[in-house]
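Peer 1: Prediction below, plus the sequence it came from.
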Amino acid sequence: MLPVAVDPTGRSGPTRAQAAGPRWRQSSRGLHVPATVSDDCVEQRILEQSQRLGPTGAVTGWAALRLLGGGFFDGLDTDGRTRLPVPLAAGGGRLEPHPAITRHRERLPESEVVVMHGIRTCSAERALFDEMRRLDLWGAVAAMDMAAAAELTSIRRMRAYCSRRTGARGRRHVLAALDLADEHSRSPAETRLRLVWELEGGWPRPLCNRPVFDLDGRLLGVPDLLDPTRGVYGEYDGAEHRTRERHRRDVQRRQDLDAAGLEQVTVVGADLRNPTLVVTRMRLAQERAAGREQRWTLQPPPGWRTEPSLDERLDLRDLLAEKPDDAE
């Protein structure tokens, strides 16, 4: 709900006496919403804090990515409970400090602003650049992965954006994260498992969510991670795997992949806080896989529909957006 100013008549907003009462709460200086409207909804919180902006500012960082459709950008810290302040780009305007926001004072060209749900919002590339600068290296990689999962932008587009931001604070950090990013990751936990696999385990970059077939062309499964040389695949076992039907499918997939010669490494959320444990499981799986006959392939059967790349999908979306309404 859009915050409103005090109205002495009570028509478009609360009177001064009403605003001071229990039925209204102040969302920012001079603006109020009904007390029944909770800012536990992340979009409501972003809307309320965006009212602090002047006409040249915009929401940026995780909040902009949320407005643009990035579902994993939930406004919570890594503990899943602590609220993050809403990042606002002042765009040359005046922006008073407040605990509910973080301020970005760098130049904000109008070409980097779009309007989402009536809110001035930074473009995906600008917002992601600001978000990745805020995070540590692993967090920045996950942010890029999740922006790609939501099809907001691509690694290529982010590299092109960085090339235009020479001298910007944090640019090297963003580029280092882009080197580790993968557009096929499906969750932050999956990304973290991949980074443990590669940076802690010292294994080469695994294939992410690549379909695996038997030698007759039957789909065996789509592992989260796969080392085709070692014959080892990795799976993050999240909460969505707890349902009876999902568990049944997981068991069947594991049996099929095992029969084809592949060995599995399974981790749950707590395991990711102990990289040594994960690496030990990787090495044990490698030992089990050694010498096993590999009866699988990454080559899809004839007629298998190959999905266009992320860049191809984004380019097509941009092309359709530029197409005039009356064009055939």
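Peer 2: Cool, got the structure.

Peer 1: all strands of the stretch 51-200 of the chain, in order?
Peer 2: In the stretch 51-200 of the chain, the segments counted as strands under DSSP state E, counting those that start in this stretch are 58-59, 86-89, 101-104, 113-116, 119-122.

Peer 1: Format those as JSON lines; extra columns: mean neighbour count.
Peer 2: Yep, even glycine has a C-beta here, placed from its N, CA and C like the rest. Output for the strands of the stretch 51-200 of the chain, formatted as JSON lines (neighbours: other Cβ atoms under 10 Å):
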{"stretch": "strand 58-59", "mean neighbour count": "28"}
{"stretch": "strand 86-89", "mean neighbour count": "27"}
{"stretch": "strand 101-104", "mean neighbour count": "19"}
{"stretch": "strand 113-116", "mean neighbour count": "16"}
{"stretch": "strand 119-122", "mean neighbour count": "25"}
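
Peer 1: Could you say which one of these comes nearest to residue 142?
Peer 2: Checking the strands of the stretch 51-200 of the chain against residue 142 by Cβ to Cβ gives strand 86-89 as the closest, at 16.9 Å.

Peer 1: Report the mean confidence score over the closest one.
Peer 2: Per-residue pLDDT over strand 86-89 has a mean of 98.

Peer 1: what do you get for stretch 249-261?
Peer 2: Taken as a whole, stretch 249-261 carries a mean pLDDT of 90.

Peer 1: quick one: it to chain centroid distance?
Peer 2: Here the centre of stretch 249-261 is set off from its chain's centre by 29 Å, with Cα atoms, centre = their mean, to the nearest Å.

Peer 1: circling back to that earlier point, reformat the strands of the stretch 51-200 of the chain as TSV; add distance to residue 32.
Peer 2: Shown next, in TSV, are the strands of the stretch 51-200 of the chain (distance: least, Cβ to Cβ, whole Å):
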stretch	distance to residue 32
strand 58-59	20
strand 86-89	18
strand 101-104	18
strand 113-116	23
strand 119-122	18
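
Peer 1: Nearest to residue 284 among the ones you listed would be which one?
Peer 2: strand 86-89 (42.9 Å).

Peer 1: quick one: contacts of the helix or strand of the chain with the lowest mean pLDDT?
Peer 2: Here the helix or strand of the chain ranked lowest by mean pLDDT, DSSP states H and E is helix 244-259, holding a mean of 83. For helix 244-259, the external contacting residues (Cβ atoms under 8 Å, 6 or more residues apart in numbering) are 212, 214, 220-221, 223, 233, 235, 237, 240-241, 264, 295-296.
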